[in-house]
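Enquirer: Predicted model follows, preceded by the sequence.
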Amino acid sequence: MEHTEFRVKAKEMVDYIADYLEGVGARRVYPAVQPGYLHALLPRAAPAQPEPWDRIMRDVDDVIMPGLVHWQSPHMHAYFGTPTSYPSIMGDFLSSALNVLCFSWASSPAGTELETIALNWVGKAIGMPDCFLNEKTGSLGGGVIQTTASEATLVSLLAARTRTLAALCKLEPQVEPTTFLGQLVGYCSDQAHSSVEKAGLIGMVHMRYIESDYKQSMRGDKLEEAIISDKAQGMIPFWVCATLGTTGTVAFDELREVGNVCQKYGSWLHVDAAYAGSAFICPEYRHWLDGVELADSFAFAPSKWFMVTFDCTAMWVKDTAGLQRSFNVNPLYLRHENEGKAIDYMHWQIPLSRRFRALKLWFVLRNFGISGIQDHIRTCIQRAQQFESLVLSDNKFEVPQSRVLSLVVFRLKGDNSHSERLLKVINSRGKIHVVPSSFKNKYVIRFCVISPKTTSQDILDAWNEIKLCAQDIIIDKIGADNSNIDRRKIHRGSLPIITELYSLQKFTF
Ligand SMILES: *Cc1c(COP(=O)(O)O)cnc(C)c1O
């Protein structure tokens, strides 16, 4: 493809993208394909000769689109979604064209400096204390864009490991640092994301999962008990990961309590706020940040709720010099004359090379402004509130834990199997998409509102779809619980009347 063809085809692509995003709500959000479907549709080897662009795009329509989960759909309520936005798409588009690698300041000064500035902007906008920002020369704090929240967690664990091993070796200089590895132990709540466990696996350290309280929060006293008991066994507590906004139910660990324990025992505190961090742009949610100044590192994913295209995780550390000690290798070919005077982000992360991701973040911040992002967050939360009240108005359903931010967890009353079946029916119809989670042995369906495209009408439609999917399950349950009722007489038309009658008689599901 040469410049002339690109000018034409890329403009067509812009229309294709706008058409797609405008009309994505009309598609089924969850695909009806089986594993291996694409293998049956595409050749087994790459073409030997160039193919015309239009034929390639035809295949996108015919074979790729039917196999996608449409994450940009207003009916996508699974996981934590990842809404994109036009300014962000344009940032990524431009970044793909420039294709600069921002590993050192010298490798692309604007790439490095914009990243520092954008992260100072975001940090201030969500209420991060000054000690995490990089504004004054000589400031030890600073922000960096990591690929994912998982990677930020791993990076913090590795930095903490280096810090602890270095301190131990100072006390016993004749001993190899790896000697202590088997004694290191990290902590998180039993509600923490699986990426925390994975970081522990990769870092080859022991992990303890602290039992959360009735609000699914990790508390300081339970953490301290575990630390004391481990120390008594000769273990070395070195790292704690607190979660603000868990994936299952958006629970918040008690940050100040946890932070105080970390200070007392000299443990690195990392805060994983992957989803909820975006909400801190609204001052009314910043109370959950109380105690954040006690943390050593903090990460959230603007690619989750900030309308920044995946991938983009904002991470701040208080002692960037300490971070760099973990990742610093400096061969001659990467050196430059401004070393030490500028940031070289390659020392803040696992890979060497890095995309110019600050561009899309900067575009989003400027084009929406803080108020635009706040409006988006608040609207999602209102939609989730609307959904929660619809669920609460139906006595066959329950919300075992109240909505937090834009996540509602709900279930059919009674046995877990009813809700498991309901989830399968919902996803097999593909009109909306949801995933489950469970806590305290209760299977729940997560309903997350994260897209600026989800309207109030979409919420009503989603609720009607869920009620429709639940009908057969409810009919079966009434039949099973009441052998005196003729199963054949209960049919979909009579269901509202029958369930109404039974609810009057305090029939419980
Ligand atoms: C989504 C999520 C993660 C993982 O995010 P990735 O960016 O996919 O690694 C980690 N922690 C929490 C709390 C999350 O919600």
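Expert: That came in fine, so what should we check first? Numbering: from 1, shown residues only.

Enquirer: List the buried residues for the helix ranked longest in the chain?
Expert: Across the chain, the longest stretch assigned as helix under DSSP state H is helix 358-392. For helix 358-392, the neighbour count (16 or more other CB atoms under 10 Å) marks 358-365, 368, 372-374, 376-381, 383-384, 387-388, 390-391 as buried. Bear in mind the C-beta positions are built from the backbone N, C-alpha and C, glycine included.

Enquirer: just checking, what packs against that helix?
Expert: The contact analysis (3 or more CB pairs under 8 Å, 6 or more residues apart in numbering; DSSP states H and E) places helix 358-392 against helix 86-98, helix 109-126, helix 302-305, strand 397-404, strand 407-412, strand 442-448, helix 456-481.

Enquirer: The last one - contacts with which helices or strands?
Expert: The reference is to helix 456-481. If you count contacts as 3+ CB pairs under 8 Å, 6+ apart, helix 456-481 packs onto helix 358-392, strand 407-412, helix 416-429, helix 495-504.

Enquirer: Quick one: closest of those to the ligand.
Expert: Of all these, it is strand 407-412 that lies closest to the ligand, at 10.1 Å by CB to the nearest ligand atom.

Enquirer: Determine how far that closest one lies from the middle of the whole chain.
Expert: The chain centroid and the centroid of strand 407-412 are separated by 19 Å under CA atoms, centre = their mean, to the nearest Å.

Enquirer: again with stretch 40-60
Expert: For stretch 40-60 - counting by CA atoms, centre = their mean - the centre lies 34 Å from the chain centre.

Enquirer: Give the buried residues for it.
Expert: Across stretch 40-60, burial judged by 16+ other CB under 10 Å covers no residue at all.

Enquirer: which residues are contacting it?
Expert: The contact list for stretch 40-60 (CB atoms under 8 Å, 6 or more residues apart in numbering) reads 1, 5, 9, 16, 62-63.

Enquirer: Could you pick out the buried ones from those?
Expert: Lys9.

Enquirer: State the pair within the contacts of stretch 40-60 that is farthest apart.
Expert: Within the contacts of stretch 40-60, Glu5 and Val63 form the most distant pair, 23.1 Å apart (CB to CB).

Enquirer: Now the residue of the stretch 301-450 of the chain found nearest the ligand. Its backbone dihedrals?
Expert: Residue of the stretch 301-450 of the chain nearest the ligand, by CB to the nearest ligand atom: Ala301 (5.2 Å). Main-chain torsions, Ala301, degrees, to the nearest 10: phi -110, psi 100.

Enquirer: Tell me how far it lies from Arg366.
Expert: Counting by CB to CB, to the nearest Å, the gap from Ala301 to Arg366 is 20 Å.

Enquirer: Where do the strands of the stretch 101-250 of the chain begin and end?
Expert: Taking DSSP state E, counting those that start in this stretch as the test, the strands found in the stretch 101-250 of the chain are 142-146, 184-189, 206-210, 236-243.

Enquirer: and of those strands, who's closest to the ligand?
Expert: Across the strands of the stretch 101-250 of the chain, the ligand has its closest neighbour in strand 236-243 (5.3 Å, CB to the nearest ligand atom).

Enquirer: packing partners for the very next helix or strand once past the closest one?
Expert: Later in the chain than strand 236-243, the nearest helix or strand by DSSP states H and E is helix 255-265. Packed against helix 255-265 by the contact rule (3+ CB pairs under 8 Å, 6+ apart) you find helix 220-232, strand 236-243, strand 268-272.

Enquirer: how about these in TSV, adding mean pLDDT?
Expert: TSV is the format used below for those (pLDDT from 0 to 100):
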stretch	mean pLDDT
helix 220-232	98
strand 236-243	98
strand 268-272	98
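
Enquirer: Can you name the residues of this protein that neighbour the ligand?
Expert: Taking CB under 6 Å from any ligand atom as the criterion, the chain approaches the ligand at residues 80, 148-150, 193, 195, 243, 246-247, 272, 274-275, 301, 313.
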